[in-house]
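J.: next come a sequence and a model predicted from it.
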Amino acid sequence: MRGLPLALLIAGNLGYAHGLSGIRDMNQNGQMVGVKNLGPADDPSPLAFRWTPGATEIETLPPLPGDKNSQAPAINAWRRTVGSSFIATSPASPLHALLWPATSAAPIALPPLEPGGQCAAVNINDFAMIAGVCWAPSTIGPKRAVVWTPHIALTLEVRHE
């Protein structure tokens, strides 16, 4: 229970606009990731963050160059963090799946299934396998479950018969 008051203190510094701010995941080492939104309510600018117990500041996880916002839904035991980068908070804004390495806040883009396609990374395990979803450039059509591994991207297509 010793770490709980610190986590609650940090949560109070994440902003408030549109319910976008908050802790999304915590690993067994007490490291946390999520979204902070310190922009005004009429112009939310969510950014992913990572925090390690004992740190005095929250580490901002920036979006890809050209994007404005980021979100981080998962962290593994090795501090690798996954999430997405996007231009705006509207549903029409294209998503780019990201990995932030344990030792850097510089984002690494995960490849989409096709040129111009969109993807979101939603989870990562301790073997660096990343789960997510991808879809075609136009948001019409099937979404595909994806697993990025350190060497390949596997896709799973759900068919309705």
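T.: Perfect, thanks for sending it. Here the structure is a predicted model, which means the values were calculated and not measured.
J.: from here on, just use CA atoms for contacts and neighbour counts.
T.: Noted.
J.: next, P94: phi, psi?
T.: phi -70, psi 140 (degrees, to the nearest 10).
J.: ok, now how distant is it from G116?
T.: Distance, P94 to G116, by C-alpha to C-alpha, to the nearest Å: 9 Å.
J.: what's the first-to-last distance across stretch 53-72?
T.: Stretch 53-72 has an end-to-end distance of 17 Å (criterion: C-alpha to C-alpha).
J.: now do it: everything it contacts.
T.: Stretch 53-72 has contacts (C-alpha atoms under 8 Å, 6 or more residues apart in numbering) with 3, 10, 24, 30-31, 33-35, 45-52, 81-89, 100, 105-109, 122.
J.: swap in stretch 96-115?
T.: Stretch 96-115 is touched from outside by 59-64, 78-86, 118-121, 132, 134-137, 148, with contacts defined as C-alpha under 8 Å, 6+ apart.
J.: determine how far that stretch lies from the middle of the whole chain.
T.: Relative to the centre of its chain, stretch 96-115 is centred 9 Å away, using C-alpha atoms, centre = their mean, to the nearest Å.
J.: and that stretch, what's buried?
T.: Neighbour-count burial for stretch 96-115, counted by 16 or more other C-alpha atoms under 10 Å, picks out 96-100, 105-107, 109-113.
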